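Fold the following for me, if possible:
(2 chains)
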Amino acid sequence: MKKNLYIVRCGEVALKGMNKPYFERVLLERVRKSLEVYDEVEAAWIDGLMFVRVPADIDEDEVISRCVRVFGVASVSPAVEVPKDINEIGRKAGEFMNAILKAEDIKTFKVRAKRADKNFPIESPEIARQVGGMVLKASKVLGVDVHRPDCTLNVDVRKEAAYIYRDKVKGFGGLPLGTNGKGMILMSGGIDSPVAAFMMAKRGMSIEAVHFHSYPYTSQRAQEKVEDLVKVLAGYMGTVRMHVINLLPIQEEIVKNCPEDETTLLVRRFMMRIAEKVAEKNKCMMLITGEDLGQVASQTAEALVVTDNVVSMPVMRPLIAMDKVDIMEKAREIGTYEISIQPYEDCCTVFLPKHPVTKPKLPRIEKSESALDVDALVKAAVESEEIVVIAP
Amino acid sequence: MIYLDNSATTRQYDEVTELMYRAAKETFGNPSSLHAAGFEAAKLIKNARMQVAELLPKAGQTIFTSGGTESDNMALLSGATKLKRNGRKIITTSVEHPAVSETCKRLAQRSYEVVSLAVDGSGCISSGELEATLSEDTILVSVMTVNNETGAIQPISEIEAIIRKYNKTKGTEIAFHTDAVQAFGKLNLTDCKADLISLSAHKFHGPKGVGAIYIKDGLKLSPFITGGGQEKGLRSSTENTTGIVGMGLAAEMSSRDMDAKLRRIAEVSEYLREGITNEISDVRINGPVGIGFSLSDAGTRCPSVLNLTFEGTRGEVLLHTLEQDEIYVSTGSACSSNHPGESPVLKAMGLSPKQIEGAIRFSFSEFNTKAEMDIVIDRIKTAVERFRKLGSYQ
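Numbers count the residues shown, from 1 in each chain, chains lettered A, B, ... in the order given. Next up is the predicted model:
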C-alpha cells in the first residue's frame, strides 16, 4: 500500500536527559493512539525525529490535525523520502514544487538544506544551490527569493535517506499525556475551568473531573453543557471520567445557618473538601481549579487562603496570573469558548450573596461553619456522586 | 407525566399518528404527478384541506404551510409587498408572538412604519386606541386572537368591524391578519372576519412542521415561496402529504364537541387556579382573571392558558422542581443573572422584573384532569414554600 510520510518533531521531550527514552516511548504511543482510527499506520523514532507513515488515501489535513493535538508534539510536516542522490533529490523537489503550484499561487521560493549525515559529499549551501536550480528548471515559472520567499522548501539529508518537506504545522508542545501524574479538575460550565484542565493536561497530567450542580435550582441543560465541554477536552486527553455531585443539600444548610455574605466562600470550601475526597478515592494527587486572582469575590488572595485551608492536597491554579482576555483567547483556540458562553448557569443566582465578603478572615469563617455538621455533609455528598464517562 | 405545556406543543392524537404512518407508507406519490399514485396523494390533501376549511370562515382559501411561523411571515411579508402601493403603515401589538413581532421589525427596516399598540395590565389592547391609530396610509393590521403566554382574548370582532367601517368610509384597503395559533381548536373561528388567519397543527394535537393560512377571497397576496406553483402558486414546494393529512384529521378531531371540551378544560384550569390561590399566598394572575369561551368574549382569558406569578420565587427553579415529578410547565423568564429570556409580553403588561422571574405558565389540553391538578397543587405548594424559605421571602 502506498503511504504518505509525516515528520513529527517533539519539543521539550528531547531535553529530558535520562528520562528521554521513557518520554519518547509514551509520545510514540500517544501519536499511534491518535491515529488508531486508520489501518496500517507505522510510527517510529529515528535519530530524534518521529516518522509516521499513513496510507496515502487518508486526507492530509485530517492526519495533521490529529497529530498536532497530541501533547508533546512541537510540529508536524508532510514529507517525501528520497534516496541520497543529489539528482534524485533535485528531481523529487521539482515534482514536489509543481504539486504545490497546482494548488497555490506562488511566485518565489527558496531551498533550505540541512546535512545531518556528514558523510554525504555535498555541503548544505551547495545542496540548496543545486536543488534550487533543478526546481527552477522544473517549474519554469518560479523565481528565487532568499529573503522573503512565498514558499520555503526544506531538504534534510539524514543517515537513512533524504527528506523534502515544506510547512511545519505547529503543535501545542508540552509533554506526553500521562507522564505527570493525575489531577482532579473542579469543572464548571464557565470559560476558565476547561482552559485550566487543558493547560495541566498539556504538561502531561492525566485528568479526572468533578462537577457540582444544584438541580433543580440549575437545569439539566447546564450539566449537558459541561459534558459538551469535557467532550471537547477529551479530544485532547482521551476519555475523561466526570464525577457529578449535587450540592443543593449543602447550599440549603449554609443558607439556613450561616451569614449571607459568606455563602459563596463556604460553598467553595465544601467543593474543595468534596473534590479532595473524590480525588483520593480515584488516585489523583492534586486538585486543579480555573481560579484567576481577583476575578470575583471568591478569588481574592484572602479568599483563596480561606478555601485552600480546608484541603491538604496541593491545588494547581494554572490561570492564576492570567488576564481574562488571554484566558478567553486560549478557550477560543482549544474550542471550548463557544460552548462556555451558552447561557445555562451552573449555579443559580439565588445562592449568590448580594455583597459577598472579599477579605474574609479565617477565624470568622470557621466560626460560621461550626453551625454545620461538615463531615456528615461532605460524606453524604461524596456518596451521592454519579459518574459520567465522556469519550472524545 | 402531567403535561401542562400545551401552548408550547401538544401530544399528537394516536389516530393522527396512525393515519400519518399509513399515508407515509402507502400514499407516497407526488401530488403533482399525473399518474394514479400522485392522484391518490392529491385526493388526501384535498380532503385534509376540507377538514381544516370547515373550521374557518367561508369565502376564503386555505393554504398549507410549514407552520404558524411561516403563515405569519407570509401574511405580513406577502401582504405588505402586495399592499405597499396604498401606504407603508402596519399596526400590530406589543404582545405578539416573535413570528409576528420579529417579522414586523424586518419590515420596519425596509421603510415600513410599524406601530405597536400598548396593552393594559391584563394584556389586552384597546380597540379604541386601534381606531385612533388607523390612517389612510395603513395597509395591514395584525393582532393575535389568543395570547400564547397569558391566554388573553383580544377584541378581534371589534377590530374587524372598525377596519371594515374605516375601509368603507375612507376607501382604503386595510387588511386584517390574526395569528390564531393558540385559538384554533379551542374557540370557534367560523365567524371570524379577518382577512388572513394563521394556524399551526401541533398546537391542536397534530404534527409539527405543518400549518396553514386562511386567505379571504378577494385579497391577493404575492407568492411567498416561488417554484413549482403548488398551493395556488402562493407557496411552492412539494406538498408535505403526511403532515397535511395529519393536520386535517387533528383539526377535525379537536373541533368535535369543541364547546363541551373547552368547558371541561375551563373546569380543570379553574380548579387549579382556585387550588393554588387558596393554598399559596402572594400569587398573581398574569392576564385577565375572568375566562371566556368565544371570540366575542374579548378581554377575558381563554381557559387553556393560566399564567401565575409566585412572588419571591424564580419560575425556572419551580419548573425544574416540578420536572422531578414529571410535571411539565413553562416560565416567563430564564434563571440567569442577565435575564436573556425575559418575557416581552409580561414586560409590556407592566410586570416588574421580579414578577416576571416568578412567573409560570400552565397550559391545558383536553387530556388534563382534576386529579392531576391535585398533585400539581400539592407539589407546587411544597416547591414555593421551599424556595421562599431559602430566599428569605418576607
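
CA atoms for contacts and neighbours, from now on please.
Will do.

Settle this for me: B:Ile153 is touching B:Gly290, isn't it.
No. Using C-alpha atoms under 8 Å, B:Ile153 makes no contact with B:Gly290, being 10.7 Å away.

Need the overlap of contacts for the two.
With contacts defined as C-alpha atoms under 8 Å, 6 or more residues apart in numbering or on different chains, the residues shared by B:Ile153 and B:Gly290 are B:300-301.

Looking at these two, which has the bigger crowd around it?
B:Ile153 (31 against 13; other C-alpha atoms under 10 Å in any protein chain shown).

Could you give the number of residues near the nearest residue to the more buried one once chain neighbours are set aside?
Using C-alpha to C-alpha, 6 or more residues apart in numbering or on different chains and skipping residues adjacent in sequence, the residue nearest B:Ile153 is B:Val146, 4.7 Å away. B:Val146 is flanked by 31 other residues according to other C-alpha under 10 Å.

And A:Thr218, which helix or strand is it part of?
Secondary structure from DSSP states H and E places A:Thr218 outside every helix and strand.

Check A:Lys110 too.
Assigned by DSSP H and E, A:Lys110 falls within strand A:108-115.

Strands along the stretch 201-350 of chain A, start to end?
A:206-213, A:240-246, A:286-288, A:315-316 (DSSP state E, counting those that start in this stretch).

nope, chain B is what I was after
Counting by DSSP state E, residue ranges of the strands within chain B are B:2-3, B:60-65, B:89-93, B:113-117, B:138-142, B:175-179, B:196-200, B:211-216, B:283-285, B:305-310, B:327-328, B:330-331, B:359-363.

who are the neighbours in contact with A:Ser34?
Residues in contact with A:Ser34, defined by C-alpha under 8 Å, 6+ apart, are A:66-67, A:70.

Kindly recompute the last result at 7 Å.
A:Ser34 is in contact with A:66-67, counting by C-alpha atoms under 7 Å, 6 or more residues apart in numbering or on different chains.

repeat for A:Ile327
Counting by C-alpha under 7 Å, 6+ apart, A:Ile327 makes contact with A:Asp192.

can you list the domains in chain B?
Split into domains by automatic domain parsing, chain B comes to B:2-8+B:257-390, B:14-255.

Comparing the ones you listed, which yields the minimum mean pLDDT?
For these, the weakest mean pLDDT is recorded on domain B:2-8+B:257-390, namely a mean of 92.

Report the closest residue of the stretch 151-300 of chain B relative to chain A.
Taking C-alpha to the nearest C-alpha, chain A has its nearest neighbour within the stretch 151-300 of chain B at B:Asp282, 19.1 Å off.

so that residue makes contact with B:Phe310?
Yes. If you go by C-alpha atoms under 7 Å, B:Asp282 and B:Phe310 touch, sitting 6.4 Å apart.

ok, back up a step: pretty sure the residue nearest to B:Ile153 is touching B:Pro155, no?
No. Taking contacts as C-alpha under 7 Å, B:Val146 lies outside contact range of B:Pro155: 9.7 Å.

The closest residue to B:Phe184 other than its chain neighbours: how many residues sit nearby?
In space, and not counting its chain neighbours, B:Phe184 is closest to B:Leu199: 6.9 Å by C-alpha to C-alpha, 6+ apart. Neighbour count of B:Leu199, defined by other C-alpha under 10 Å: 29.

Residue 180: neighbour count?
Picked chain A for this. By other C-alpha under 10 Å, the residues close to A:Asn180 number 15.

Actually, chain B is the one I wanted.
Neighbours around B:Ala180, by other C-alpha under 10 Å: 24.

My guess is it contacts B:Ala194. True?
No. Counting by C-alpha under 7 Å, B:Ala180 does not reach B:Ala194; the two are 10.3 Å apart.

ok, back up a step: compare B:Asp282 and B:Phe310 (neighbour count), which wins?
Neighbour tally, B:Asp282 and B:Phe310, criterion other C-alpha under 10 Å: the higher count belongs to B:Phe310, 27 against 9.

So for B:Val146 and B:Pro155, which residues contact both of them?
By C-alpha under 7 Å, 6+ apart, no residue touches both B:Val146 and B:Pro155.

Contact partners for the closest residue in space to B:Ser330 that isn't next to it in sequence?
Spatial nearest neighbour of B:Ser330, excluding adjacent residues (C-alpha to C-alpha, 6+ apart): B:Arg361 at 5.2 Å. B:Arg361 sits next to B:149, B:306-308, B:329-331 when contact means C-alpha under 7 Å, 6+ apart.

Looking at these, spot the one nearest B:Ile45.
The nearest member of the contacts of B:Arg361 to B:Ile45, counting by C-alpha to C-alpha, is B:Glu149 at 32.3 Å.

ok, back up a step: let's have the contacts of B:Arg361 in TSV, adding neighbour count.
Listed next are the contacts of B:Arg361 as TSV, based on neighbours: other C-alpha atoms under 10 Å in any protein chain shown:
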residue	neighbour count
B:Glu149	28
B:Leu306	28
B:Asn307	24
B:Leu308	25
B:Val329	24
B:Ser330	23
B:Thr331	27
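
can you count the residues close to B:Ser116?
Other residues near B:Ser116 number 18, with proximity taken as other C-alpha under 10 Å.

what residue ranges in the stretch 201-350 of chain A score low on pLDDT?
A:345-350 (pLDDT under 70).

mind listing the helices for it?
For the stretch 201-350 of chain A, helices defined by DSSP state H, counting those that start in this stretch occupy the ranges A:220-237, A:248-257, A:263-281, A:301-308, A:324-334, A:337-340.

what does the stretch 1-150 of chain A give?
Ranges of helices within the stretch 1-150 of chain A are A:20-34, A:60-68, A:86-103, A:124-139, based on DSSP H, counting those that start in this stretch.

wait, isn't A:Pro318 in contact with A:Ala197?
No. Using C-alpha under 7 Å, A:Pro318 is not in contact with A:Ala197; the gap is 8.5 Å.

between those two, who's got more neighbours?
The residue with more neighbours, out of A:Pro318 and A:Ala197, is A:Ala197; 30 against 20, by other C-alpha under 10 Å.

Give me the pLDDT for that one.
At A:Ala197, pLDDT is 97.

what's the closest non-adjacent residue to B:Val119?
Excluding the flanking residues, the one nearest B:Val119 by C-alpha to C-alpha, 6+ apart is B:Ile125, at 4.5 Å.

Could you give the number of residues near residue 21?
Just going to use chain A. Neighbour count of A:Pro21, defined by other C-alpha under 10 Å: 13.

you looked at the wrong chain, it should be chain B
B:Tyr21 has 14 neighbouring residues, counting by other C-alpha under 10 Å.
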